[in-house]
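Student: Sequence plus predicted model, see below.
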Amino acid sequence: MLAGMTLFHALVVLHVATGAVGLTAFWGPIVTRKGAANHRKWGRAACYGFLGAGALAICMALLSLYGSEYRHPEITDRTLFDGLFGWMMLYLGVLTIGFVDYGLGVVKHSRDRRALRSARYQAVIAAVIASGAWCGYFGFLVGHPLMMLVAFIGIVAMLIQQRYIWRAEDFPRGTHVGEHFRALIGMGISAYTAFLSVGLIRLVPEHVFNPAIWAGPSVIGVSLIIYFTLKGKKSAKPLASGPRPHPQ
């Protein structure tokens, strides 16, 4: 038990360290000019931080589900504990990795999105959908709407990505930029939500099952996606006014 406890606590420390890098660097690409050196630098730091945090979240979730230690005995609803800190945390870790992988992939293969149809990318998307489906089903069994909501959001996001990957017709030039942006905002949503699971249970354990607190990153992240999407569409519209050419 001591060895397992030491391992779990070491994972928590590493998760906090890598998550702090990702959570801090996440805002850099949002506020810097797209495509500039600072944008790429902050973006890489955020992606590497979140990849580490996502992988460690999966490890902690598996230890919470199958480890020998009976963690947090003050929580009496052990089934719900397994749901939020086991299956949902595992899913959020996979989802974070999935968003990072896709967000980087659409830029790398911006000239040939068919490369995203390879087994290497499709396996990651399939893992997100499978873990999300189980998270949603478990949430239904325990009657917790948050688990169903985050599962639904992640699965829909993966299906939208598949539409971009598999559509036969070509998309307008630059479409991959929007895909890249939405994926990395989604990365932030899933990472912030997973990061809450580490802090909430230690700082405010009485609110650890409060859906309103857990839903905060999704509300902020989806709002950012909507805002920048509308802003991008507005700036892309041709000017309605201006001199018209005289007919010849």
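Tutor: The structure has been received and is ready for your questions. Numbers count the residues shown, from 1 in each chain.

Student: so where is this structure shaky, pLDDT-wise?
Tutor: Along the chain, segments meeting pLDDT under 70 span 1-5, 68-76, 194-248.

Student: quick one: the helices in it?
Tutor: 2-25, 27-31, 37-66, 78-82, 89-108, 119-142, 145-166, 175-203, 211-214, 216-236 (DSSP state H).

Student: what helices or strands is the second one leaning on?
Tutor: Spelled out, that is helix 27-31. Packed against helix 27-31 by the contact rule (3 or more Cβ pairs under 8 Å, 6 or more residues apart in numbering; DSSP states H and E) you find helix 37-66. Backbone N, C-alpha and C define where each C-beta goes, glycine included.

Student: Check the third one too.
Tutor: Secondary structure elements in contact with helix 37-66, counted by 3+ Cβ pairs under 8 Å, 6+ apart, are helix 2-25, helix 27-31, helix 78-82, helix 89-108, helix 175-203.

Student: that older thread, any chance of the helices of the chain in a markdown table, plus mean neighbour count?
Tutor: As requested, the helices of the chain are exported to a markdown table (neighbours: other Cβ atoms under 10 Å):
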| stretch | mean neighbour count |
| --- | --- |
| helix 2-25 | 15 |
| helix 27-31 | 16 |
| helix 37-66 | 19 |
| helix 78-82 | 15 |
| helix 89-108 | 25 |
| helix 119-142 | 17 |
| helix 145-166 | 18 |
| helix 175-203 | 21 |
| helix 211-214 | 14 |
| helix 216-236 | 13 |
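
Student: quick revisit: who wins for proximity to residue 155 among the helices and strands packed on helix 37-66?
Tutor: Each of those has some distance to residue 155 by Cβ to Cβ; the shortest is helix 89-108, at 9.5 Å.

Student: Which elements pack onto that closest one?
Tutor: Checking 3+ Cβ pairs under 8 Å, 6+ apart, helix 89-108 ends up next to helix 37-66, helix 119-142, helix 145-166, helix 175-203.

Student: will you turn those helices into CSV that also has distance to residue 90?
Tutor: Formatted as CSV, those follow (distance: least, Cβ to Cβ, whole Å):
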stretch, distance to residue 90
helix 37-66, 4
helix 119-142, 6
helix 145-166, 12
helix 175-203, 9
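
Student: so residue 97 sits right up against residue 53, yeah?
Tutor: No - using Cβ atoms under 8 Å, residue 97 is not in contact with residue 53, being 9.5 Å away.

Student: Can you give me the first-to-last residue distance of stretch 21-38?
Tutor: Start-to-end span of stretch 21-38 (Cα to Cα, to the nearest Å) is 16 Å.

Student: ok, and what's touching it?
Tutor: Residues from elsewhere that reach stretch 21-38 (Cβ atoms under 8 Å, 6 or more residues apart in numbering): 39, 41-43, 45-50, 52-53, 177, 184, 187-188, 191-192, 195, 224.

Student: one step back: next, format the helices and strands packed on helix 37-66 as JSON lines and append distance to residue 128.
Tutor: Formatted as JSON lines, the helices and strands packed on helix 37-66 follow (distance: least, Cβ to Cβ, whole Å):
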{"stretch": "helix 2-25", "distance to residue 128": "18"}
{"stretch": "helix 27-31", "distance to residue 128": "22"}
{"stretch": "helix 78-82", "distance to residue 128": "20"}
{"stretch": "helix 89-108", "distance to residue 128": "4"}
{"stretch": "helix 175-203", "distance to residue 128": "10"}
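
Student: Nearest to residue 122, out of those?
Tutor: helix 89-108 (10.8 Å).

Student: Just the C-alphas of the closest one, formatted as PDB.
Tutor: Output in PDB follows, covering the C-alpha atoms of helix 89-108 (Å, rounded to 0.1, in the frame of the first residue of the first chain):
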ATOM      1  CA  MET A  89     -10.600  11.300 -15.600                       C
ATOM      2  CA  LEU A  90      -9.300   8.500 -17.800                       C
ATOM      3  CA  TYR A  91     -11.600   9.800 -20.600                       C
ATOM      4  CA  LEU A  92     -10.500  13.400 -20.200                       C
ATOM      5  CA  GLY A  93      -6.800  12.300 -20.300                       C
ATOM      6  CA  VAL A  94      -7.500  10.400 -23.600                       C
ATOM      7  CA  LEU A  95      -9.500  13.400 -24.900                       C
ATOM      8  CA  THR A  96      -6.700  15.800 -24.100                       C
ATOM      9  CA  ILE A  97      -4.200  13.700 -26.000                       C
ATOM     10  CA  GLY A  98      -6.700  13.300 -28.800                       C
ATOM     11  CA  PHE A  99      -7.200  17.100 -29.200                       C
ATOM     12  CA  VAL A 100      -3.400  17.700 -29.100                       C
ATOM     13  CA  ASP A 101      -2.800  15.000 -31.700                       C
ATOM     14  CA  TYR A 102      -5.400  16.300 -34.100                       C
ATOM     15  CA  GLY A 103      -4.600  20.000 -33.500                       C
ATOM     16  CA  LEU A 104      -0.900  19.400 -34.500                       C
ATOM     17  CA  GLY A 105      -1.900  16.900 -37.200                       C
ATOM     18  CA  VAL A 106      -4.100  19.300 -39.200                       C
ATOM     19  CA  VAL A 107      -1.200  21.800 -39.400                       C
ATOM     20  CA  LYS A 108       1.400  19.200 -40.300                       C
END
